[in-house]
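In: Any chance you could fold what I've pasted below:
(chains A and B)
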2 protein chains.
Amino acid sequence: MLNQPIAIIGGTGDQGKGLALRWARAGFEVVIGSRDAERARTAASEMRATLASFSAADTRIDGAANADAAANARIVVLTVPFNAQIATLKDIRDKLQTGSLLIDVTVPLEPAVGGRPTRTLGVWAGSAAEQCRELAPEGAQVISAFHNVGAEALADLDREVACDVIVCGDDKNARERARPLVEAIPGCRYVDGGPLANSRTVEAITALLIGFNIRYKTHTGIRITGI
Amino acid sequence: MLNQPIAIIGGTGDQGKGLALRWARAGFEVVIGSRDAERARTAASEMRATLASFSAADTRIDGAANADAAANARIVVLTVPFNAQIATLKDIRDKLQTGSLLIDVTVPLEPAVGGRPTRTLGVWAGSAAEQCRELAPEGAQVISAFHNVGAEALADLDREVACDVIVCGDDKNARERARPLVEAIPGCRYVDGGPLANSRTVEAITALLIGFNIRYKTHTGIRITGI
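Out: Predicted structure coming up:
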């Protein structure tokens, strides 16, 4: 598992960067993808410096153009803003290897059309994750996860991330493939979210949490009790 | 507050019974509402017996027809199945006092049309709570709450209910009126859910939790971390 590189498409954004830092620190090989390869390499270099200051030796983070990052990874994580999701998937779909795990982290927040981050847009397919599946090649396994983990919490490497990660996908084995990535982040817990269509709710929870963050002036997460 | 009776419309169902037991035990005066007044009185009598066995002395639970229960309460809680929500609101709307707090607990689960409890139906108004507001009289304050608290957890009086209660409504003062009802249930915590439209997500979370209950063979709830 640790020898399978993880490509983070849109990895120069806050959510992608936060996940990259956490996974590289845990020993995973990470490739940051960006539309601009140079920008990806710069971000990767900054992250290596950040991790060096946390005495995480031998971290492996590199940068590449999105399509190249996707072509060379068995695990591909999509962390782009909603208004870039379709174009990005069209850009990388032909490069994905058969059997690759495609983890969609997209949340259809209203700012994609100039609205509020406490609201979501309706998606014809049902959810951003289901839209991702429509655009993914036949041989890819599409799941969704990490929507509810705040970028601020991920970036604060001194701190545990107090958040369950609800993983949705129609194939239980595909969902389970994400478990090591969840458990690599201190304070995160894997929760089996069932079918991909349940992403409709998990994505919407992100907007709800953003509302809590605003009302309570804090960074919130979610825990499922009783498990 | 303790002297304001709480009417629980549809109070002979599992969710309504569970809330009635918890509130009566905490000292609130509760009136169970049902389409059939006799059935409501029988349920109330059974609940008094249950509470007596928990040495909760001097509990005040009575039963009445829905419309009569609603007419005599300043706090009216709607705990009917989704397919009874509209008819019930039409039945009680003319009886509600101006300034009454109407707490909608309805979740538009798919079994209303023969489907699965892990799925919700789309509601034209956006959510069951917003549908409730459309049908409520002008002078009532409509909020939503208690969707995510499981009936089994409420009924098990020996046990704390490990669940936050996300309260949604467009008026912050109206939301706050529900706080004592939340805090009367051991293990529940009041969380300010913001606008009534956020009920869309909070209602859907119930279906998600039902899915967890099935997959993990347990009773789940939700906590917001970081607050």
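
In: Burial check on the nearest residue to A:Asp94 once chain neighbours are set aside, number of neighbours?
Out: Nearest residue to A:Asp94 in three dimensions, chain neighbours excluded: A:Pro137, at 7.2 Å (C-beta to C-beta, 6 or more residues apart in numbering or on different chains). The way it works is simple: take the backbone N, C-alpha and C, and place the C-beta from them, glycine included. Neighbour count of A:Pro137, defined by other C-beta atoms under 10 Å in any protein chain shown: 16.

In: didn't A:Pro137 look like it was pressed against A:Lys95?
Out: No - here A:Pro137 lies out of contact with A:Lys95, judged by C-beta atoms under 8 Å, at a distance of 9.1 Å.

In: Against chain B, how distant is A:Ile185?
Out: Here the criterion is C-beta to the nearest C-beta, to the nearest Å. By it, A:Ile185 lies 14 Å from chain B.

In: list the contacts for that residue?
Out: A:19, A:22-23, A:26, A:149, A:154, A:161, A:165 (C-beta atoms under 8 Å, 6 or more residues apart in numbering or on different chains).

In: what comes up buried for whichever helix or strand A:Leu19 is part of?
Out: Applying DSSP states H and E as the criterion places A:Leu19 in helix A:14-25. When burial is assessed from 16 or more other C-beta atoms under 10 Å in any protein chain shown, helix A:14-25 yields the following buried residues: A:15-25.

In: One more: stretch A:151-160?
Out: Of the residues in stretch A:151-160, those with enough neighbours to count as buried (16+ other C-beta under 10 Å) are A:151, A:153-155.

In: export those residues to CSV and tack on distance to chain B and pLDDT?
Out: Written out in CSV, the entries for the buried residues of stretch A:151-160 read as follows (distance: C-beta to the nearest C-beta, whole Å; pLDDT from 0 to 100):
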residue, distance to chain B, pLDDT
A:Ala151, 14, 96
A:Ala153, 8, 96
A:Leu154, 13, 97
A:Ala155, 15, 95
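
In: Now, those residues that are in helices?
Out: Secondary-structure check on the buried residues of stretch A:151-160 using DSSP state H: residues within helices are A:151, A:153-155.

In: right, and out of those, which lies closest to A:Ala49?
Out: Proximity of these to A:Ala49 (C-beta to C-beta) peaks at A:Ala155, which lies at 14.0 Å.

In: so the closest one makes contact with A:Lys17?
Out: Yes - judged on C-beta under 8 Å, A:Ala155 makes contact with A:Lys17 at a distance of 7.0 Å.

In: which parts of chain A sit against chain B?
Out: A:118-119, A:162-163, A:166, A:191-194, A:197-198, A:200-202, A:204-205, A:207-209, A:211-212, A:215-216, A:218-227 (C-beta under 8 Å from any C-beta of the partner chain).

In: For the closest residue in space to A:Asn83 that isn't next to it in sequence, give me its contacts.
Out: If you skip the residues right next to it in sequence, A:Asn83 has A:Ala112 as its closest partner in space, 4.1 Å away by C-beta to C-beta, 6+ apart. Taking C-beta under 8 Å, 6+ apart, we find A:Ala112 in contact with A:81-83, A:121.

In: Then A:Ile103?
Out: For A:Ile103, the set of contacting residues under the criterion of C-beta under 8 Å, 6+ apart consists of A:75-78, A:143-146, A:178, A:181.
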